[in-house]
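Enquirer: after the sequence you'll find the predicted model.
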Amino acid sequence: QVQLVESGGGYVQTGGSLGLACFASGRALSEYPIGWFRRPPGKKREFVSAISKSGMTTVYADSVKGRFIISRNNANNTAYLQMNDLRSEDTAVYYCAASGVHIPEWESEFEYHWWGQGTQVTVSS
């Protein structure tokens, strides 16, 4: 099965940018649709963005549309989430996840079967 490891989290000021990476091992990243989710402090985990196996389809939560960009490089077994114009409400632990479904219900965490350990993103004003 695939193992996922996120990197790139940290502290950033409001309006700043951060890039997250999700590296896959054990199986080829190209076998899986990939989603990014986040868990804000004291709240439930929520959908952020997702990308199809080929990268041709991308989906975004309304809250990040126009600010975040999801991408993937299957040759490098890595998916990315570029986060721009960050706001305090973007503060959360960010997780990448792989789905075993060819075309999952993108926003449902139950469609994703393998998860990374998460990386903290803190946006301060």
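Expert: Nice, I can see it. Numbers count the residues shown, from 1 in each chain.
Enquirer: look up how far residue 21 lies from residue 89.
Expert: According to CB to CB, to the nearest Å, residue 89 and residue 21 sit 22 Å apart. Heads up, the C-betas are built off the backbone N, CA and C, glycines and all.
Enquirer: go on, residue 44?
Expert: From residue 44 to residue 21 the distance is 24 Å (CB to CB).
Enquirer: among the two, which residue is more densely surrounded?
Expert: residue 21 (18 against 8; other CB atoms under 10 Å).
Enquirer: name the helices or strands packed onto the helix or strand harbouring the more buried one?
Expert: Applying DSSP states H and E as the criterion places residue 21 in strand 18-25. The contact analysis (3 or more CB pairs under 8 Å, 6 or more residues apart in numbering; DSSP states H and E) places strand 18-25 against strand 3-7, strand 34-39, strand 78-83, strand 92-99, strand 119-124.
Enquirer: buried sites along it?
Expert: 18, 20, 21, 22, 23, 24 (16 or more other CB atoms under 10 Å).
Enquirer: the last one: what's it in contact with?
Expert: The contact partners of residue 24, by CB atoms under 8 Å, 6 or more residues apart in numbering, come to 2, 3, 4, 32, 77, 78, 79, 98.
Enquirer: okay, these in CSV with neighbour count next?
Expert: Listed next are the contacts of residue 24 as CSV, based on neighbours: other CB atoms under 10 Å:
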residue, neighbour count
2, 17
3, 14
4, 23
32, 27
77, 18
78, 18
79, 30
98, 24
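Enquirer: now these in JSON lines, with distance to residue 114 and pLDDT?
Expert: Shown next, in JSON lines, are the contacts of residue 24 (distance: CB to CB, whole Å; pLDDT from 0 to 100):
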{"residue": "2", "distance to residue 114": "5", "pLDDT": "96"}
{"residue": "3", "distance to residue 114": "7", "pLDDT": "97"}
{"residue": "4", "distance to residue 114": "6", "pLDDT": "98"}
{"residue": "32", "distance to residue 114": "8", "pLDDT": "97"}
{"residue": "77", "distance to residue 114": "13", "pLDDT": "98"}
{"residue": "78", "distance to residue 114": "15", "pLDDT": "98"}
{"residue": "79", "distance to residue 114": "12", "pLDDT": "98"}
{"residue": "98", "distance to residue 114": "4", "pLDDT": "98"}
